[in-house]
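Visitor: Sequence and predicted structure are below.
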Amino acid sequence: MICMRIENIRKKMEKKGIDALLLVSDSNRNYMSGFTGNESFSVITLDRAIFITDSRYTQQAREEVKEYEISEYKGSFSDYLSKLAKELNINKLGFEDDIISYSQYLEYEEKLSCELVPIKGMVQELRIIKDNDEIKNIKKAASIADKAFKHMLTFIKASMSEKEVELELEFTMKKLGASGLSFTSIVASGVRSSLPHGTATDKIIQNGEFLTMDFGCVYNEYCSDMTRTLVIGEPNDKMKDMYEVVLAAQKKALKTIKPGLTGKEVDKVARDYIQSKGYGEYFGHGLGHGVGRVVHEMPRISPTGNEILKPGMVITDEPGVYIPNFGGLRIEDLILVTEEGCEILSKSPKELICIK
Ligand SMILES: [Mn+2]
C-alpha cells in the first residue's frame, strides 16, 4: 500500500521534473509513510525514501515506517536538510507551498543550495481516491458518530446548555473507540443555529428551538463528518418548511451523485432547489467537500468545484438554510462515490426529530 503510494508519487515527481520531495504536513507525510505521529519529515527521491524525525519519535517511526530509511536529526532541521540535499545531489526539491509558512520557506531558501519547487496538491491528488482500508476506517468513524447521535437522542433535554450537549457527544464518541475529533464540534441552538459554524456556548437550549449538531470523529487516522438538526419541543410552520426544503435538497443531491459529474453540477442541483423555494439567499456555503485524513479535503462540491467525481471519493452532502435572528439548520451525510452512484455512510435518520 505504502509502496504503491511511493511509486505513484514518483511518477508525479518525474512529470513535474523534480528529483526530490520534502513532506512536512502530518496528513501528506503520514499518508505516504504510515507514520501516526507528528512533527516529522520525509524526503522522497526517485530511488530513496528517508524518514526524518527527532528522539521523541524515532522508536515509533522504526515500528511504523517500514518502507523508509529512518534518520534521527538533532538541532536545526534546515541545517540537516541542507546537508542531506548535498549528499543526495538534489537539484530540484519539491515542497508543500500550501502548508509551509513563509518564514520556513525563507529559511530553506537561505540554507539550501538546490532549487525549491512548489508542488501544491501533488499528494492530495493521490489522497482524493480512497483505497479499501481507508474506506473501512472512514466507515468505522461514521458508524461511531451514528451511535453517538443515537445516544444523544436519549440525552438531550430542554434546559441543557449547548456545552453540556457538546461534552456528552464528544465523550460518547471517544468511549465508542474514536481517537479524537475530526474538528471542533458545532452545537448551535435557537437564534444561534443561524451561525453555520456556531460552536457550543453556555446558552440554554429551549423549547421551540432548532438544535444543530455538526460533528465527526477520527478512527485510525480517518475522519467522519455529519450534521443533524433536531427540534426541541414543537417546531412552528416556518421551521417545518425550512426543514422540508433542506431535506429535499439534500436528497436530490444524493440522487444526483455519480462518477463523471463535477462537484459544481451536484452543488447546483441542491442550490437551485433551495433557490426555487425562496431560501436561496440563506444558503451561503458550498454543498460539500471531500473527507479523509483531514475533514476538509479534495474534491470541492461547491459552485467552484471543477473536480470530476470518481469511484472511491468520499464526500459530504450538506445543504443548509440560515436565517439571521431566527435560526437555521443543516443536514449532512458522509457519502462514498461508487461505480453506480453513491453509498451513504451516515446511517442516522434524517426525518425531523422533535425532542419532547
Ligand atoms: Mn462537512
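Guide: Everything's here; your move.

Visitor: thought residue 291 was touching residue 317?
Guide: No: taking CB atoms under 8 Å as the definition, residue 291 is not a contact partner of residue 317, at 11.2 Å. Every C-beta, even on glycine, is put in place using the N, C-alpha and C of the backbone.

Visitor: give the contact list for the residue in the stretch 101-250 of the chain positioned nearest to the ion.
Guide: For the stretch 101-250 of the chain and the ion, the shortest gap (CB to the ion) falls at residue 225, measuring 4.2 Å. Residues near residue 225 by CB atoms under 8 Å, 6 or more residues apart in numbering: 182, 183, 214, 215, 216, 291, 295, 316, 332, 334.

Visitor: how deep is the second one tucked in, by neighbour count?
Guide: Spelled out, that is residue 183. By other CB atoms under 10 Å, the residues close to residue 183 number 18.

Visitor: Residue numbers of the protein in contact with the ion?
Guide: For the chain, the residues found near the ion under the criterion CB under 5 Å from the ion are 225, 316.

Visitor: So which residue is dead centre in the chain?
Guide: Closest residue to the average C-alpha location of the chain: residue 295 at 1.2 Å, with CA atoms, centre = their mean.

Visitor: coming back round to it: would you show me how to pick out the buried ones of the contacts of residue 225 in ChimeraX?
Guide: Listed next is the ChimeraX selection for buried residues among the contacts of residue 225, using 16 or more other CB atoms under 10 Å:
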select :182,183,214,215,216,291,295,316,332,334
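
Visitor: Which secondary structure state is assigned to residue 37?
Guide: Following DSSP: H, G, I helix; E, B strand; the rest coil, we place residue 37 in the coil state.

Visitor: Contact partners for the closest residue to it other than its chain neighbours?
Guide: Closest residue to residue 37 apart from its sequence neighbours, by CB to CB, 6 or more residues apart in numbering: residue 57 at 4.8 Å. Counting by CB under 8 Å, 6+ apart, residue 57 touches 35, 37, 39, 40.

Visitor: Kindly indicate which of those lies nearest residue 76.
Guide: residue 39 (14.0 Å; CB to CB).

Visitor: what's the distance between the closest one and the ion?
Guide: Distance, residue 39 to the ion, using CB to the ion, to the nearest Å: 27 Å.

Visitor: That residue: how many residues sit nearby?
Guide: For residue 39, the neighbour count with other CB under 10 Å is 12.
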